[in-house]
Each structure stands twice: as structure tokens, then as C-alpha cells.
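Student: let's see this in three dimensions:
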Amino acid sequence: MKTEPHLTTALARAAEDVTQTQIEAMTTPAVARTLKHRRTFCYEVYEREDGLWDIEAQMQDRKTYPFTLASCERETAEALHNMILRVTVDNSLNIVDVHTETRAAPYLEQCQQITPDYKKMIGLNIMHGFRTAMRDLFSEENGCTHITELANSLPTVVIQGVGVELAIRHRKAVGDENAGRPFQINQCHALAEGAEAVRLYYPRWYKNPAQS
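Tutor: Numbering: from 1, shown residues only. Below you'll find the predicted structure:
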């Protein structure tokens, strides 16, 4: 596939970048390695002037070498997949609008045909039965694997980007004594109501397992 002239410089930068790890170092590997593939996910949350929230998500696949697909060729660092999802929610975390784009895919024209179907997400609530509904609506041939993958991480992203902000505002408005139990308690191992973190940082809501 011939690269369009205006993409040449950007691809050259991407080709250089894709060979450099973006993951923080762990222990030193015991054997030499060569980076071959990178998949990235990015999520951003925006507060809108109309009182709603936009969550934008993007996934990309790139390889560190040129390769050939059944449908075309890809240069080093040229996106194999590039999918973008924008979901708009209200303060109750109901989805009120959805936009999707598939900008790169192995079978671009065919892959793009499914993107309008993601409007079916409108009306779902991010925190109540969301992943079950996504599976019912978009499993296997009824959806795009990668757009669905982007969507399935929305609950935790929305909690951080929208839920935390709304909780802070609520506590400021009514005071800690009247704000109720923090929503994150009993939502993970570290914040189980009988866990040490709750005893230390949320003692009002701590329940001693020995006394249960």
C-alpha cells in the first residue's frame, strides 16, 4: 500500500516511537527481547457545558515491522486497528448518545459497516447491567471486537472520571456526615468493608470481620 505524502513524516515518527517501550520497567528480563507489537488504549473524560459528560476512547494496534494482510500491506508503525468511541452520559450515568469511528482495520470498508449499530448503546446505564447488555447486543458477528472491547472498560473509567467528581461535589454540598458511605467500599478486595484500608481511611464504615 502506497503511503500518502502527508503521512510520510508522521509514519516515520511513529516507526521510531513504536520500537521504544511505553511500559514502566519491571524486573530486568532474563533473556534478550525484541518488541514486535503494541496495542494502546486511551480514555479521556470531558465535562460538557450542557451538564452532560463525554467519554472518548481509542484503541490502536501497530507493529514494529512492515507486514502483509490478506487485504493490503502495512508499513512499520502504520495502524492495523484504529477505533474511536465517544459515549455521552448524564449524571445518573445513563447513555444519551454514542458515536463510533473505525479509521483503520484489516477490512476497512466491511469493518466500518457495523459502527452505526453501536447507537444501540443509547439508553443503557453504565453501572447497572452494562456488560451483560453489551454481550447481548454485540457478541461475535453482531459487533466489532475492538469497539466492544473499548466499551467494556467504560464502567471503571466512568467511575474515575465522572463518579469521583460527582461524589466530591456531593460531599462538599452536604458535608461528610450526611454524604453516606463512599461508593467504592465493597467494590474491590482492598476496600472490602472489613479490610485494613477501610479501617485506616474510612473508619466510620469499617466492620470488624471477627465481630461479624
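
Student: how close does the residue lying closest to residue 69 once chain neighbours are set aside get to residue 114?
Tutor: Leaving aside its chain neighbours, residue 69 sits nearest to residue 106 (5.0 Å; criterion: C-beta to C-beta, 6 or more residues apart in numbering). (Each C-beta comes from the backbone N, C-alpha and C, glycine too.) From residue 106 across to residue 114, the span is 14 Å (C-beta to C-beta, to the nearest Å).

Student: these two: which has the busier surroundings?
Tutor: More crowded of residue 106 and residue 114, by other C-beta atoms under 10 Å: residue 114, with 17 against 14.

Student: one step back: hmm, the residue nearest to residue 69 is touching residue 82, no?
Tutor: No - contact criterion C-beta atoms under 8 Å: residue 106 and residue 82 do not qualify, at 11.4 Å.

Student: which ones are touching residue 144?
Tutor: Taking C-beta atoms under 8 Å, 6 or more residues apart in numbering, we find residue 144 in contact with 83, 102, 111, 114, 115, 138.

Student: let's go with 6 Å and repeat that
Tutor: Listed by C-beta atoms under 6 Å, 6 or more residues apart in numbering, the contact partners of residue 144 are residue 114.

Student: likewise the one 3 residues further on?
Tutor: The neighbours of residue 147, taking C-beta under 6 Å, 6+ apart as the test, are 83, 85, 100.

Student: SS state for the first one?
Tutor: If I follow you right, that is residue 83. Following DSSP: H, G, I helix; E, B strand; the rest coil, we place residue 83 in the strand state.

Student: now stretch 178-196: how far from the chain's centre is it?
Tutor: Put simply, stretch 178-196 sits 23 Å off its chain's centre (C-alpha atoms, centre = their mean, to the nearest Å).
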